[in-house]
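>>> mind folding the following:
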Amino acid sequence: HEHAVAVISSIPGYGAYFKAAFGDSKVDIQRITDAIAEFERTLVTPNDRFDQWLKGDKKAITEEELAGYQLFKQSGCTICHNGAQLGGQSFQKMGVVRPYETTNTAEGVKAVSGRDQDRMKFKVPVLRNVELTYPYFHDGAAQTLEEAVEVMGDVQLGKRYTKEETAKIVAFLKTLTGEQPKIVYPILPPNGPDTPKFEPWKAKEEAKK
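Got it, this is the predicted structure:
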C-alpha cells in the first residue's frame, strides 16, 4: 500500500484526476481503493440468454439448454449454485461424496481458520460467464466445462453423468454468458522525476518477510 501511494503521488498527471474525483489532489490508499472499486462496478455482463428466458422470452434458450437447466436443478447443483449469480454466497467442501484427488497443496478455509474441518472448503464460484473463465476449480485442473461438470457431479453429488447429460448441462451453462464490458484503455500519465523505481525482485523478497 505504501509503495502504491508513493508511486501514484509522484506522478504529476494523477493530481488532476484525483482532484476531479475527490475534490483535491491528495492520494491515499482509501482513495486508490475507491477508484478501483468504481471501475470494477462497470464490469457488468448483462442480458445473457438465460436472463432473457427468465424475463419471459421463451425462445431465448433451446430445448437442449432448458433440459440442461432442469437437470442442473434436479441434480442438486442449486444447493450451492444459487442466487442471482448462481454461486458466490457460501463456502463448501470440495469432495462431499468422494474425495477430490489433486496434487495441489491448497487447504481452503483451513489456511485461514486453522480448523481441520475447514480443509478443502472453498468459496463456491459464481457461474455467470463460466464458459469464459477456464480453467476450473481451485487448482485449475479442469480445462473444459465438460470435465468440470463430470467431476463436480461425481465428487459433490455422487452422480455419473452420461455424455448426453453432461452436454445438456454444459449447454445450459453457456447461456449464462452475458454481454462483455467494452473497456477503453487510458493513456497513463508519465512518471515524474521522483517516481520510485519498481524493483520486482526486491518487492518479492520483502513480501516473504
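>>> burial measure for Ala4, as a count.
13 (other Cβ atoms under 10 Å). Backbone N, C-alpha and C define where each C-beta goes, glycine included.
>>> chain neighbours aside, what residue packs nearest to it?
Ile32 (6.0 Å; Cβ to Cβ, 6 or more residues apart in numbering).
>>> what's the first helix or strand after the strand or helix carrying the one you found?
Assigned by DSSP states H and E, Ile32 belongs to helix 29-40. Per DSSP H and E, the first helix or strand lying C-terminal to helix 29-40 is helix 49-54.
>>> show me the protein divided up by domain.
1-42, 49-175 (the TED database).
>>> my guess is Tyr69 contacts Ala171, does it?
No - applying Cβ atoms under 8 Å, one finds Tyr69 not in contact with Ala171, separated by 9.1 Å.
>>> can you give me phi and psi for Arg119?
Main-chain torsions, Arg119, degrees, to the nearest 10: phi -70, psi 130.
>>> local confidence estimate at the nearest residue to it once chain neighbours are set aside?
Excluding the flanking residues, the one nearest Arg119 by Cβ to Cβ, 6+ apart is Lys110, at 4.3 Å. pLDDT recorded at Lys110 is 97.
>>> just for the chain, where's the confidence low?
Within the chain, the segments meeting pLDDT under 70 span 203-209.
>>> give me that answer again for 90
Along the chain, segments meeting pLDDT under 90 span 184-186, 196-209.
>>> for it, which segments are assigned as helices?
2-9, 13-22, 29-40, 49-54, 63-75, 110-113, 145-157, 163-174, 200-208 (DSSP state H).
>>> can you pull the contacts of Lys93?
Applying Cβ atoms under 8 Å, 6 or more residues apart in numbering to Lys93 gives the contacts Met120, Lys121.
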